[in-house]
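> Build me a model from this:
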Amino acid sequence: MTLPFWLRRACVRTGLARFLPQAKRLTGGEPQFAKYVSDRVLAAPLDELLDPATFPQSSGPDVLNLDLGAPDLDSGPTLRAPREMADDGFGTAELREAIADSMRRDGRSVDPDRQILIAHGVTGAYAAVLDAFVNPGDRVALFDPCSPVLHLGAKSRRARLRWVPTWSEDGRTRFLNAGLSKALSGAKLLVLSQPADPTGGRFSSADSEEIAWLANRHDVLVCVDESTGRFHYDGAAPVLGTLPGMESRTISIDSTTGGHGLGSLNVGWLTGHRQLVRAAALCANLNAPGVSTVCQRAAATVLRRDRVGFEPVLKASKERRRYAFDRLKAMGLEPSWPAGGVTMWVSVASCGVGGRSFAERLLREERVLVGPGCAYGPSGANFIRVSFAVEEGRLREGLTRMGRFVEGLKNPEPKVVAARIPTTSAALEPSFSRV
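Numbers count the residues shown, from 1 in each chain. Alright, predicted model coming up:
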């Protein structure tokens, strides 16, 4: 018998769910994970979703599928994926294997069958995490500043945001342990980027260990955005999910956009403990199923390329980082030194205007687009985000225009007042005078 939703929710919140057969079914025999899932997951029609009759899958390439819901047309070799590239709701096996291989080269062991979910870009992966684990009113902790996608996504689920102030120190993202502990008290989820967007800072081994210790202490899930994780300029960064106690509470999200420059594919993925991935897959397949198999195949090809091919890209990005930093410093601005990523966090306080006004006027007067810092968190009022991920010539021209604009702000030209020309009283007489 199916239990009513209110009773299922009460059992989960009180810990009684571990005794219910339905909870074991929901979590694949590990009911201790039921406490993490959102009301959306608890309210999902689990019996129907798990019934093979609802979403029947072909068992191999030799199966003749007479259950197609769309015509199987030949649209040309560039638009057609092989029939053997079946998507079982978690993504094609080819792409999941490619992701697992890539992560193994980084020293991480991932089961491609149960610990990887393919989504519509990194935003789709993050949306699946929020839908699976965050209810309205739940606390979500974020480091300030962070990508607007992260805090706006949480706000759209009516979560209560808890900001953790940070500052940059020689490419390292710093925070106060007391501030993080306060933000995690009673929180459901901690969201962070490694390296950080927009600052380009990264968490050191000591800071990562502190995050892990506090997440375990407060029993908080952690979502790590690794979408620019290939751009680390000073060696590999600590992997939060490999630290003690973090394997069962860490979800990593990534895509072909930030690390491979292939936003047109719109292919992302999330990895983590199989039960966390299972809950996210349920929400993703209800809300945004069906990542293009053609795009998945292209993403798998990209991931399997020799890593040597990325070295020139990383070297060029490293050189642009130094060039942009020096140019911004020469303007009298205050950029933070990024240890990773492709962006800089730049204070414009010395110009006497806020970040929003600076960005709006720079676009209007010099046709150069930068990110207003107010979009990245409470601390961003006097900051802008500058990317050095553009072609070298455009970067040089953009910074040249910005330098001219900053010079105009700091040394405005005096206004020229036209001299008054003496006039006769007749010249001053209005044409409509009745005299």
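
> Okay, domains of the protein per the record?
Per the record, the chain has its domains at 86-303, 310-410, by automatic domain parsing.

> correct me, but residue 180 touches residue 164?
Yes. Using C-beta atoms under 8 Å, residue 180 is in contact with residue 164, at 5.1 Å. Glycine gets a C-beta too; all of them are placed from N, C-alpha and C.

> what residues do those two have in common as contacts?
Residues touching both residue 180 and residue 164 (C-beta atoms under 8 Å, 6 or more residues apart in numbering) are residue 141.

> mind listing the strands for the protein?
116-119, 139-144, 160-169, 172-175, 187-193, 221-225, 250-255, 268-272, 334-335, 343-347, 371-372, 383-387 (DSSP state E).

> can you list these in JSON lines and add mean pLDDT and distance to residue 243?
Formatted as JSON lines, those follow (pLDDT from 0 to 100; distance: least, C-beta to C-beta, whole Å):
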{"stretch": "strand 116-119", "mean pLDDT": "96", "distance to residue 243": "20"}
{"stretch": "strand 139-144", "mean pLDDT": "97", "distance to residue 243": "17"}
{"stretch": "strand 160-169", "mean pLDDT": "96", "distance to residue 243": "18"}
{"stretch": "strand 172-175", "mean pLDDT": "95", "distance to residue 243": "17"}
{"stretch": "strand 187-193", "mean pLDDT": "97", "distance to residue 243": "13"}
{"stretch": "strand 221-225", "mean pLDDT": "97", "distance to residue 243": "10"}
{"stretch": "strand 250-255", "mean pLDDT": "96", "distance to residue 243": "8"}
{"stretch": "strand 268-272", "mean pLDDT": "96", "distance to residue 243": "14"}
{"stretch": "strand 334-335", "mean pLDDT": "96", "distance to residue 243": "31"}
{"stretch": "strand 343-347", "mean pLDDT": "95", "distance to residue 243": "26"}
{"stretch": "strand 371-372", "mean pLDDT": "92", "distance to residue 243": "31"}
{"stretch": "strand 383-387", "mean pLDDT": "94", "distance to residue 243": "29"}
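
> In CSV, list those strands along with distance to residue 199 and mean neighbour count.
Formatted as CSV, the strands of the chain follow (distance: least, C-beta to C-beta, whole Å; neighbours: other C-beta atoms under 10 Å):
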stretch, distance to residue 199, mean neighbour count
strand 116-119, 26, 27
strand 139-144, 9, 24
strand 160-169, 5, 18
strand 172-175, 6, 18
strand 187-193, 9, 24
strand 221-225, 13, 25
strand 250-255, 19, 26
strand 268-272, 22, 27
strand 334-335, 10, 18
strand 343-347, 4, 24
strand 371-372, 12, 22
strand 383-387, 9, 24
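
> Since that was my last question, I'll sign off now.
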